[in-house]
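> What would the 3D arrangement of this be:
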Amino acid sequence: MNATRAAQLTFRQKWQLALSVSIIYMPLRLYISFFDFRQISLLQRLPLWVMELTVIVLFFFVWINLIEWIQQRLFSWFGNDFLIEFKIPAQVVMFVIACAMAVIYNTGFRTLWGTAENTLESQFGITQSQSDEIRLVNQQTRPQRRKAYNALTILALLSAFYLASNRRAYHQLEEVQLKAERLEKENVQAQFTALKSQVSPHFLFNNFSILTSLVETNPALSVQFINRLSKAYRYILEHSDHERINLKTELSFIETYIFLLNIRFDDKLQVSIKVSEQEAKQYSIAPLTLQLLVENAVKHNRMSAEQPLKVSIFTYDNYLVVSNPIQARLKPEPSTRLGMKNIINRYKLLTDCPVLVKEQNNLFIVQIPLLQ
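Numbers count the residues shown, from 1 in each chain. This is a model prediction of the structure:
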């Protein structure tokens with residue numbers, strides 16, 4: 001299955017994460033700021049602390065949004081892998097950016113704090129008085145506290161980064177698991193559809209009737225017919241529950257299936273396969289895709305010796321194309337369209353490239369994306 005970019009956090013999840021980190025970060029920052037809380041007026045400091053908490057939450061919210069943007073850049077730098085954030089190169093990049101953000105934040109916050117203190121004192125008369133002892137200690141420890149602020153901020157930024165990455169990875173793994181479960185159900189449905197068509201009374205009656213006539217007129221061909229019929233059933237039973245299968249193996253099966261159809265319809269059905277040996281080995285498809293498409297063409301179109309049904313199978317621009325002229329039956333057979341829906345749904349889980357179904361120039365065309 002193709003790698004998918006990591007899921008993005010919702011607006012609410014970003015705020016929740018920013019608040020969670022801030023609640024842990026701010027008490028530690030206060031612990032570094034004051035060596036003796038008994039000499040601090042809590043009431044006088046409360047407005048500043050409310051401002052500080054608001055700024056911190058906004059800062060981490062901006063950081064988490066920046067992480068989202070950086071995460072998209074990481075895909076182009078280091079590869080399209082939704083766990084790329086946990087690899088060493090990506091972590092080094094985030095560490096460097098976190099260091100720069102910490103220095104910028106603490107430098108700006110010191111200016112903001114000083115401005116707020118002066119405003120409270122000049123406008124509201126709330127003084128942030130400190131004893132001479134505290135003022136002296138603050139001056140002596142200022143360089144160490146600045147380093148501690150930067151280190152603490154870097155750790156907090158990296159913690160937010162890893163928490164956001166873990167949450168995205170968790171949601172992505174949930175999505176992958178859901179897709180795997182859906183794909184398993186689609187494969188089971190495909191297997192059931194194929195088996196149902198192959199073991200239906202009508203199909204068995206036709207093949208047994210053909211086999212009866214061949215035994216009487218052409219014993220050698222009847223042996224070959226039995227071998228091909230058993231090979232077709234063996235393929236369905238062994239490979240129909242696989243997620244994907246090599247294109248060469250699928251083409252080998254479809255040739256067997258076409259052999260059975262040609263014995264039944266004589267020269268009324270003509271299937272042309274133009275796929276190079278290299279392409280057949282290089283690409284994969286979902287098993288039973290071609291069988292369902294050929295069966296669909298036979299079911300919905302009339303054929304005769306004068307106007308045979310010509311089905312073409314070829315590759316074009318990373319797609320496997322199956323086309324046939326529209327020769328609608330005079331009495332159309334009822335269709336549930338489950339076969340085509342099943343193919344479309346299976347490929348939605350296997351690749352981002354869609355299955356293309358269209359009618360053009362009196363041709364019914366289905367383009368199946370080739371899987372690497």
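> Can you mark which positions in the strand or helix carrying residue 92 are buried?
Using DSSP states H and E, the element containing residue 92 is helix 88-123. In terms of neighbour count (16 or more other CB atoms under 10 Å), helix 88-123 has its buried residues at 90, 93-94, 97-99, 101-102, 105-106, 109, 113, 116-117, 120. Placement of C-beta: from N, CA and C, glycine included.
> mind listing the helices in this protein by residue range?
Along the chain, the segments classed as helices by DSSP state H run 11-33, 42-78, 88-123, 132-198, 201-217, 219-239, 247-265, 277-282, 289-300, 338-350.
> Output stretch 167-182 as CSV - backbone C-alpha positions only.
In CSV, the C-alpha atoms belonging to stretch 167-182 read as follows (Å, rounded to 0.1, in the frame of the first residue of the first chain):
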residue,chain,number,x,y,z
ARG,A,167,-0.7,11.5,18.0
ARG,A,168,-0.4,11.8,14.2
ALA,A,169,1.3,8.4,13.9
TYR,A,170,-1.4,6.9,16.1
HIS,A,171,-4.2,8.2,13.9
GLN,A,172,-2.3,7.1,10.8
LEU,A,173,-1.8,3.6,12.1
GLU,A,174,-5.5,3.5,13.0
GLU,A,175,-6.3,4.5,9.4
VAL,A,176,-3.9,1.9,8.0
GLN,A,177,-5.5,-0.8,10.2
LEU,A,178,-9.0,0.3,9.0
LYS,A,179,-7.8,0.2,5.4
ALA,A,180,-6.4,-3.3,5.9
GLU,A,181,-9.6,-4.5,7.4
ARG,A,182,-11.6,-3.0,4.5
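> gap between residue 29 and residue 155?
11 Å (CB to CB, to the nearest Å).
> Please say which of those two ends up with more neighbours.
Neighbour count, other CB atoms under 10 Å: between residue 29 and residue 155, residue 29 has more, with 20 against 14.
> which other residues reach stretch 358-372?
Contact with stretch 358-372 is made by 244, 247, 279, 282-286, 289, 293, 297, 315-316, 318-326, 340, 343, 347, 350-351, 353-357, as judged by CB atoms under 8 Å, 6 or more residues apart in numbering.
> and these, which are buried?
By 16+ other CB under 10 Å, the contacts of stretch 358-372 give 244, 247, 279, 283-286, 289, 293, 297, 315, 319-325, 340, 343, 347, 350-351, 353, 355 as buried.
> For stretch 19-29, which residues meet the burial criterion?
21, 22, 25, 26, 29.
> quick one on the thing from earlier: redo the helices of the chain as a markdown table? Include mean pLDDT and distance to residue 308.
As requested, the helices of the chain are exported to a markdown table (pLDDT from 0 to 100; distance: least, CB to CB, whole Å):
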| stretch | mean pLDDT | distance to residue 308 |
| --- | --- | --- |
| helix 11-33 | 87 | 60 |
| helix 42-78 | 79 | 50 |
| helix 88-123 | 81 | 58 |
| helix 132-198 | 72 | 22 |
| helix 201-217 | 68 | 18 |
| helix 219-239 | 80 | 21 |
| helix 247-265 | 88 | 8 |
| helix 277-282 | 92 | 25 |
| helix 289-300 | 87 | 12 |
| helix 338-350 | 79 | 23 |
